[in-house]
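[1] The sequence and its predicted three-dimensional model are supplied below.
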Amino acid sequence: MNLLNLTPEEAESVLSQWIVDRGEPNYRTRQVLPRLWQRPVATWHDTTDLPRPLIQALERDFPLQRPTLVSHQKSVDGTVKFLWKLDGDTAIESVLIPERSRTTLCVSSQAGCAYDCVFCATGAMGFQRHLQPWEITAQVRELTLDERYGTPTHVVFMGMGEPLHNWQAVDQALTILNHPSGMGIGARRITVSTIGIVPNLRRLAARPEQFRVAISLHAPSSQRRFKLMPVERKYPIADVLEAVQEIRKRVTFEYVMIKGMNDSDDDARDLAQIARATGALVNLLPLHPGGAGTLRPSSAERIKQFASLLQSNGAKVTVRRSRGLDISGACGQLRIDTPLGSDIEAK
Ligand code: SF4
């Protein structure tokens, strides 16, 4: 059994029963459980406070599954992109963004993506498969195990895939990331970014923890959004905005600036109206290379004007700095091009 695929409460219950069945003292559960997420070990052999027969039994019954780090690339701005190999030929990327006192890890929730947003390199890959909960949280756990990095202070679901398309696993991963017996990362430091899979957005809103939510909006009307995001057909913007009202914390609207597609004065005024009505913060970001070749980014000057127009129309706005562009690690750029064979050399 893979304990890392369970919630901390489930893992505790399985472990304590197993400990009892082996005739071990109950306190062994309190020694073993923290080695899953709180003070993780690479293998059970790395624990120093357990008797050897117990370590061997843990290795036999609950081997700790890990992804293989295939490569890590460092950007001139300090951003690091990791390429992980999972089972078979499946590979995913995650991106670590250091910034003053915080480090944010952008995690993947799927290999590839089914939604085909025109500006996104992951969408161009197509969908390969959903990640399991342990494959999502392992992206964090591996950094805790690596003394060069340590546990990130913040986690954002903005890597490969649409997290709410893989709700069951993401729901479970959120619990593992946040639970005090899991990784203990505060809910306000975990952001789920979604194009708005409405039923699962409602499920996320209904969770008691105050996870942050970012909505990939990218256009202020259904007609304009549909040209960029085919999901608009199934989950129109009006339904997404209705579901947003159920989220108790202020949401962010992500808005990638594309020349001539969504950056007109009318777009700014319409977007400001939506942001005012929902109390959302608008986060503008420049288009990065990687999606459809015909798209061009809005100029820096246009982004500035657009931001001022939003502000003068009563919306709160930030302009996001691009990070990791030189290693194709910026927003919308994650993509696996090379098929990974079994002879990959781990770094
Ligand atoms: S933006 Fe998100 S949902 Fe759209 S194709 Fe990229 S990964 Fe998928």
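    Alright, I've got the coordinates. Remember, predicted model here, so these are calculated numbers, not experimental data.
[2] how close does the closest residue to the ligand within the chain sit to C113?
    Residue nearest to the ligand within the chain (CB to the nearest ligand atom): G123, separated by 2.7 Å. All C-beta atoms are positioned from the backbone trio N, CA, C, and that covers glycine. Applying CB to CB, to the nearest Å, the value for G123 to C113 is 5 Å.
[3] quick one on the thing from earlier: helix/strand/coil for the residue of the chain closest to the ligand?
    helix (DSSP: H, G, I helix; E, B strand; the rest coil).
[4] The closest residue in space to L6 that isn't next to it in sequence: what secondary structure?
    Once flanking residues are discounted, L6 sits nearest to V14: 6.7 Å by CB to CB, 6 or more residues apart in numbering. In three-state terms, and counting by three-state DSSP, V14 is helix.
[5] Kindly report the same for A57.
    From three-state DSSP, the assignment for A57 is helix.
[6] quick one: pLDDT of it?
    Each residue has a pLDDT score; the one for A57 is 98.
[7] Excluding chain neighbours, what is closest to it?
    Per CB to CB, 6+ apart, closest to A57 is R22, 6.8 Å.
[8] what's around that neighbour, how many residues?
    12 (other CB atoms under 10 Å).
[9] switch to numbering from 807
    Right, with 807 as the first residue, what we last looked at is R828.
[10] so how far is stretch 1051-1059 off the chain centroid?
    18 Å (CA atoms, centre = their mean, to the nearest Å).
[11] Which of the residues in that stretch are classified as buried?
    Residues of stretch 1051-1059 classed as buried by neighbour count (16 or more other CB atoms under 10 Å): I1053, V1057, T1058, F1059.
[12] Filter those down to the ones in strands?
    T1058, F1059 (DSSP state E).
[13] got the buried residues of stretch 1051-1059 as TSV, with pLDDT and distance to the ligand columns?
    Converted to TSV, those look like this (pLDDT from 0 to 100; distance: CB to the nearest ligand atom, whole Å):
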residue	pLDDT	distance to the ligand
I1053	96	18
V1057	97	16
T1058	98	15
F1059	98	14
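[14] And the contacts of the lowest-mean-pLDDT helix or strand in the chain?
    Here the helix or strand of the chain ranked lowest by mean pLDDT, DSSP states H and E is helix 927-931, holding a mean of 90. Contacts of helix 927-931 with the rest of the structure, by CB atoms under 8 Å, 6 or more residues apart in numbering, involve 918-919, 921-923, 966-967, 1096-1098, 1134, 1138-1142.
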